[in-house]
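Asker: please work out how this folds:
(one chain, ligands or ions: 1)
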Amino acid sequence: MAASGNSSGGGLLPELTQRTPILGLKLYLIILFFIVILVSTLLIFFICIMKRRMRMRVKHSSGTIPLVSKEESEMKSGEKERRRRRKSEEEKEKIGWGRRYSLKEVEEATRGFEEGNVIGKGGYGIVYRGILHDASVVAVKNLLNNNKGQAEKEFKGEVEAIGKVRHKHLVGLVGYCAEGAQRMLVYEYIDNGTLEQWLHGDVGPVSPLTWDIRMKVAVGIAKGLAYLHEGLEPKVVHRDVKSSNILLDKKWNAKVSDFGLAKLLGSEKSYVTTRVMGTFGYVSPEYASTGMLNEGSDVYSFGILLMELITGRSPIDYSRPPAEMNLVNWFKGMVASRRGDELVDPLIEIKPSPRSLKRALLVCLRCIDLDVIKRPKMGQIVHMLEADDFPYRSKHRTIEIDHVPSHAAVSIKVPYPARHVEPSSWR
Ligand SMILES: Nc1ncnc2c1ncn2[C@@H]1O[C@H](COP(=O)(O)OP(=O)(O)OP(=O)(O)O)[C@@H](O)[C@H]1O
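Answerer: Numbering: from 1, shown residues only. Take a look at the predicted model:
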C-alpha cells in the first residue's frame with residue numbers, strides 16, 4: 001500500500017518536471033507562465049473596469065451636484081464667446097491711430113442721439129456728448145445729411161489728415177463711424193466750453209479770463225498751430241482758426257479743434273482752392289482774394305484771434321459804431337494813435353503790465369501784415385509771446401512793421417528773435 005501510495009505521488013511530480021517539446025521547457029514552468037498571463041490579463045481587465053467606473057462617477061457627479069448651474073455655465077461660456085468675439089471685432093476695427101466705431105456703438109454712447117446730449121451745432125453737423133463702453137467721454141460730430149456730397153469728401157480728408165495727429169494743444173480724433181449713409185467723427189471731449197463762449201458769452205461784469213489766462217490760451221493755440229505747420233510732414237494748414245474752434249479744459253489749456261477744413265499740403269507748395277472756406281472776419285486778404293493758401297493764412301487768423309483775446313471784441317461786430325465794426329481797422333487805428341491801453345477788454349479786472357500789453361499788440365500787428373512773407377512763423381510767435389523780456393532784449397535785431405495804417409505817425413519797430421527757433425520750444 002505504502003509502495004503504491006508512494007508511486008502515485010512520485011508519479012505526478014516527475015510528470016510536472018518532465019521537459020516538454022515547447023523550447024524544451026519543463027511542464028510546471030509552462031503552466032506557471034499561463035497562470036501569470038491569465039492573472040495579469042484579469043488584472044488589466046479589472047483596472048480598466050475600475051477606471052471606467054470612476055470616469056462614469058465623475059461625469060455623474062458633475063451632472064448631479066454641479067459647482068455652477070447648467071444655465072450659469074452656459075452663460076459663462078456664452079459670455080466668454082461674446083467677449084472673444086468683441087475682442088476680435090475690436091482688433092479688426094483698430095485702425096492704427098484710433099478706432100472705427102459701429103453705428104450701434106455710437107448710438108449707445110449718445111443714448112440714441114438724445115437731444116439732452118447735444119453740445120453744439122456747427123456748419124457741418126450736430127455735436128453730441130457720448131460715453132463709450134470703456135467709460136471714456138467723447139464728442140461725436142454727426143455730419144449733416146444735406147451736406148453729404150461735400151461732407152463725405154471733407155470727412156475722408158479730415159479722418160486721414162488728423163487721425164494720427166496728437167498734441168497737447170490739438171483736439172484728438174479718437175475714431176470715426178462710417179456706416180451706410182452715416183458719417184461721424186469721434187473726438188476726445190474737452191470739458192470747459194469754447195473760447196468764443198468765454199469771450200462773448202454772458203460772464204458777468206468781470207471775465208474769468210484774466211490777462212494771464214488769455215496769454216496762456218494764446219500761447220497754447222500758437223503751439224498747436226506751430227505743430228500743424230512745423231511739426232508734421234506734410235504740414236497741415238488749419239484754414240479755419242477762430243474762437244469757436246478753440247476748446248478749453250478746466251485748467252484753461254487751449255485745444256485747437258475742427259480740422260474739417262484742414263488739407264494736407266506739399267512742403268514747398270502753396271495750395272489753391274476753388275472756394276474760400278474760412279470764416280468771415282478771420283480770413284486773410286490774400287486767401288479771400290486769390291484762394292491761395294498757405295500757413296501764413298493761419299498766422300493772419302491767429303492775429304485776429306489774439307486781437308479778440310486782448311479786446312474781448314468779435315472780428316466783425318455790426319452793433320458797434322461804424323468806425324469800430326471792423327476789429328482790424330479799429331485796432332490798427334488805436335495802436336497808431338498810441339491808445340493801445342484802451343484796447344484791453346473792459347471785463348479784465350487787473351490790467352496787464354505795459355510791457356506785456358505791448359508785446360501782445362506787436363505780435364498782433366506782425367501776424368496781420370499784408371505781406372504774407374513778412375508774417376512770423378507760428379514757432380516764432382510762441383517765442384515772442386513766451387519771452388519774458390521780449391521786446392526789450394538788445395541783441396534782437398529789429399524789423400520794421402509794414403502796413404500799420406499809412407496815416408500812422410509812428411513807426412513801430414518789432415524786435416525779432418535772431419536765434420533759430422528749436423521745434424522743442426513749442427511742443
Ligand atoms: N471735442 C469737443 N469737446 C467738447 N465740445 C465740443 C467738441 N467739439 C465740438 N464741441 C462743441 O460743439 C460745438 C460745435 O462744434 P463745431 O466744430 O461743429 O462747430 P463750430 O466750430 O461752432 O462751427 P463751424 O462748423 O463753422 O466750425 C462747439 O462750439 C463746441 O461747443
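Asker: which strands and helices sit next to the lengthiest helix in the chain?
Answerer: With secondary structure taken from DSSP state H, the chain has its longest helix at helix 27-64. On a contact count with 3 or more Cβ pairs under 8 Å, 6 or more residues apart in numbering; DSSP states H and E, helix 27-64 meets helix 2-16. To be clear about C-beta, it is placed using only N, CA and C from the backbone, and glycine gets the same treatment.
Asker: quick one: low-confidence parts of this protein?
Answerer: Per-residue confidence for the chain (pLDDT under 70) gives these ranges: 1-13, 54-76, 86-96, 145-158, 161, 259-277, 388-427.
Asker: can you pull the domain assignment for it?
Answerer: When the chain is parsed with automatic domain parsing, its domains come out as 99-188, 195-425.
Asker: in JSON lines, list the ones you listed along with distance to R83.
Answerer: As requested, the domains of the chain are exported to JSON lines (distance: least, Cβ to Cβ, whole Å):
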{"stretch": "domain 99-188", "distance to R83": "12"}
{"stretch": "domain 195-425", "distance to R83": "34"}
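Asker: got the ones you listed as TSV, with mean neighbour count and distance to the ligand columns?
Answerer: Converted to TSV, the domains of the chain look like this (neighbours: other Cβ atoms under 10 Å; distance: least, Cβ to the nearest ligand atom, whole Å):
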stretch	mean neighbour count	distance to the ligand
domain 99-188	17	2
domain 195-425	18	4
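Asker: the ones you listed: which one's closest to I35?
Answerer: Nearest of the domains of the chain to I35, taken as Cβ to Cβ: domain 99-188 at 72.3 Å.
Asker: okay, now the closest one: how far is its last residue from its first?
Answerer: End-to-end distance for domain 99-188, by Cα to Cα, to the nearest Å: 12 Å.
Asker: who's in contact with M378?
Answerer: Shown in contact with M378 (Cβ atoms under 8 Å, 6 or more residues apart in numbering): 222, 225-226, 229-230, 295, 298-299, 302, 426.
Asker: so which of the domains of the chain is nearest F46?
Answerer: domain 99-188 (57.8 Å).
Asker: quick one: distance of the closest one to the chain centre.
Answerer: Put simply, domain 99-188 sits 12 Å off its chain's centre (Cα atoms, centre = their mean, to the nearest Å).
Asker: ok, residues contacting stretch 314-324?
Answerer: For stretch 314-324, contacts defined as Cβ under 8 Å, 6+ apart pick out 200, 280-282, 304, 307-308, 313, 325-330, 333.
Asker: then stretch 30-41?
Answerer: By Cβ under 8 Å, 6+ apart, the residues outside stretch 30-41 that reach it are 16, 20, 22.
Asker: fine by me, thanks again.
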